[in-house]
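Enquirer: got a sequence here, can you model it:
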Amino acid sequence: MDHGLGTCIIAAGVSHAEELRGMMNIPDSKQLVVALAIGYPDPEAVANTFTSRREPFDSLVTFYGF
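Expert: Have a look, this model is predicted:
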């Protein structure tokens, strides 16, 4: 169900695993492999209006057998 929330994968979270363990009470027996931010996006924020230039999809992949 859509509640207006957005997510963002944060690779730096794994780089700071010990800090996250302390804040989130994560035991050492668990391995952190990814951090995920969740919240309400602000579509008017300047950072959210950025669009990166990307190579066209067709120039990067080739499908065989489909």
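Enquirer: start and end of stretch 31-42, how far apart?
Expert: End-to-end distance for stretch 31-42, by Cα to Cα, to the nearest Å: 31 Å.
Enquirer: typo on my end, stretch 54-61
Expert: Counting by Cα to Cα, you get 13 Å between the two ends of stretch 54-61.
Enquirer: cool, stretch 22-40 as well?
Expert: Terminal residues of stretch 22-40 lie 25 Å apart, using Cα to Cα.
Enquirer: how near is residue 6 to residue 53?
Expert: When Cβ to Cβ, to the nearest Å is applied, the distance between residue 6 and residue 53 equals 22 Å. In short, each C-beta sits where N, CA and C put it, glycine included.
Enquirer: using the three-state scheme, assign the residue nearest in space to the middle of the chain.
Expert: Here the mean C-alpha position of the chain is nearest to the C-alpha of residue 9 (Cα atoms, centre = their mean), at a distance of 1.2 Å. Secondary structure state of residue 9, per DSSP: H, G, I helix; E, B strand; the rest coil, is strand.
Enquirer: report the beta-bridge partner residues of it.
Expert: Partner residues in beta bridges with residue 9, using DSSP bridges, are residue 36.
Enquirer: per-residue pLDDT, it?
Expert: Per-residue pLDDT puts residue 9 at 87.
Enquirer: what segments of the protein are strands?
Expert: Counting by DSSP state E, the chain has strands at residues 6-10, 35-39.
Enquirer: out of the ones you listed, nearest to residue 47?
Expert: Proximity to residue 47, assessed across the strands of the chain by Cβ to Cβ, is greatest for strand 6-10 (10.7 Å).
Enquirer: sorry, back to before: you'd agree the residue nearest to the centre of the chain is up against residue 36?
Expert: Yes. Shown here, residue 9 and residue 36 form a contact pair, counting by Cβ atoms under 8 Å, at 5.9 Å.
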